[in-house]
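3D model of this:
(2 chains)
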Amino acid sequence: MSATPTPELLTCEEFQSQLPELIGSGAELATHPHLMNCALCRALLADLETIAEAARQLLAPVEPPDQLWRQIEQAIQEAGKGAGE
Amino acid sequence: MSSTEFSAEVPDPSEPSAFSPADTPGGRAEGRSAPPADPVLVRAQAGDHQAFAELYGRHKRRIYSLCLRMVGNSAEAEDLTQEAFLQLHRKIGSFRGESAFSTWLHRLTINVVLMQLRRKGLQLISLDEAMDPGGPDDGPGRSFGAADPSLAGAIDRMTLEIAVASLPPGYRLIFVLHDVEGYEHNEIASLLECSIGNSKSQLHKARLRLRQILRRTASEEAQP
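Residues are numbered from 1 along each chain as shown, chains lettered A, B, ... in the order given. Okay, here's the model as predicted:
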C-alpha cells in the first residue's frame, strides 16, 4: 500500500485529483499547503469559484414562447377527450 | 433523505416523502412554514381551468428556464415544459401541501426531464464514459500549464449560457442542478442514482470543461 503524500508535498496532478472531494466537502482551501506554493493551482481554483459564482446569474428566468400555453391547453383538452372515451 | 425515496422509475411527485420541504434545493426556495391555502391553487385542484391558466402564468418562466438549462435547446425545452404542465394537470389534485407548491412543481419538472433523458439513452450512472465518450481533455493533471488571465470579471451571462449549452449532457445536468439550481450532492446522487463522489467528480469536470470553453471564448474575443 502506497503512503499518502503530505499536503505540502503533493504534485499539481495529485492536488487536482483531490479537488472534487475538497471542493465538494466545503473545506477551506485558501490555506491548503499546496495552494500556498502553487500559483497555477490557485488560479485554477479561483476560476472554478468564479464559474460557480457566475452560475447564479443563470437563475434569471427566461420567457417561454407565447404559443406554448395554447399547445398545453390543446393537449389538456385532447387528454380529457381521451379519458372520456 | 434515504435513497429509497427516489425510485429508479422516477418517483411520483405526489408522494409526500419524496417532496418534503427538506428537498428544497440549497436554501433558494421557500421555507418550512406552510402558508395558508392559495385560493388559485385550490380552484385549480378543483378543476377550474382559469385557475390552472393562472398557475401556468405564475410558474411558466421558472419551469421553462429549468428545462432549457437542463437540455440546452429551446425546442426540447418547450416539449418538456408542456409535458411538465400536463403532468401537473393530471396530478395537481394529489398535491397536499407538505412542501411549497413551487418546490413540488420544480421536482416534478426535474423528473420529467430525467425521464426524457433516460428515454433518449443518457446513462446517468456510468457517468465518465457514457456522458462524454471522447473524454475531456481537462482531467486532473491537464489543467496546469502557462498561467492565463483570470476569468474573474470576464464572464457575462450570455457567454455562460452559451458555454453551459455546449457542455456534454451529463455535465450540463449536474452543473445546472448544483451550481444553478442549488441542489446538494446528496440530493443529486438520489435523483440521478449515482454516488455522492460521482456527483462531486462530475461537477468538477463540468466546471473544468466550462473553464476551458470560457478561456477559449475570451482568447478569441481578445484577438484583433
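
Give me the helices and strands touching the top helix by length along chain B, please.
Secondary structure of chain B per DSSP state H: the longest helix is helix B:196-222. Contacts defined by 3 or more C-beta pairs under 8 Å, 6 or more residues apart in numbering or on different chains; DSSP states H and E place helix B:196-222 against helix A:12-24, helix A:39-54, helix B:127-131, helix B:157-165, helix B:169-175, helix B:185-192. Where C-beta positions appear, they are placed from N, C-alpha and C, glycine not excepted.

To B:His59, which of these lies closest?
With C-beta to C-beta as the measure, helix B:185-192 is the member of those nearest B:His59 (19.9 Å).

tell me the centre residue of the chain?
Picked chain A for this. The residue lying closest to the centre of chain A (C-alpha atoms, centre = their mean) is A:Ala52, at 6.1 Å.

Sorry, I should have been clearer: chain B.
Geometric middle of chain B (C-alpha atoms, centre = their mean) lands on B:Leu177, at 3.9 Å.

quick one, strands of chain B?
Along chain B, counting by DSSP state E, no stretch forms strands.

Break it down into its domains, please.
Domain segmentation of chain B under automatic domain parsing yields B:3-119, B:127-222.

The first one near chain A at all?
Yes: interface with chain A: domain B:3-119 contributes B:28, B:53, B:56, B:60-62, B:64-65, B:68-69, B:77-78, B:81-82, B:85-86, B:89-90 (C-beta under 8 Å from any C-beta of the partner chain).

Would you reformat the domains of chain B as a markdown table and include mean pLDDT?
Converted to a markdown table, the domains of chain B look like this (pLDDT from 0 to 100):
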| stretch | mean pLDDT |
| --- | --- |
| domain B:3-119 | 78 |
| domain B:127-222 | 79 |
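
Quick one: closest of the ones you listed to A:Leu58.
domain B:127-222 (4.7 Å).

and B:Leu208, how far is that from A:Leu44?
Here B:Leu208 is placed at a distance of 8 Å from A:Leu44 (C-beta to C-beta, to the nearest Å).

likewise B:Ile92?
Distance from B:Ile92 to A:Leu44, by C-beta to C-beta: 47 Å.

ok, now A:Lys81?
Distance from A:Lys81 to A:Leu44, by C-beta to C-beta: 58 Å.
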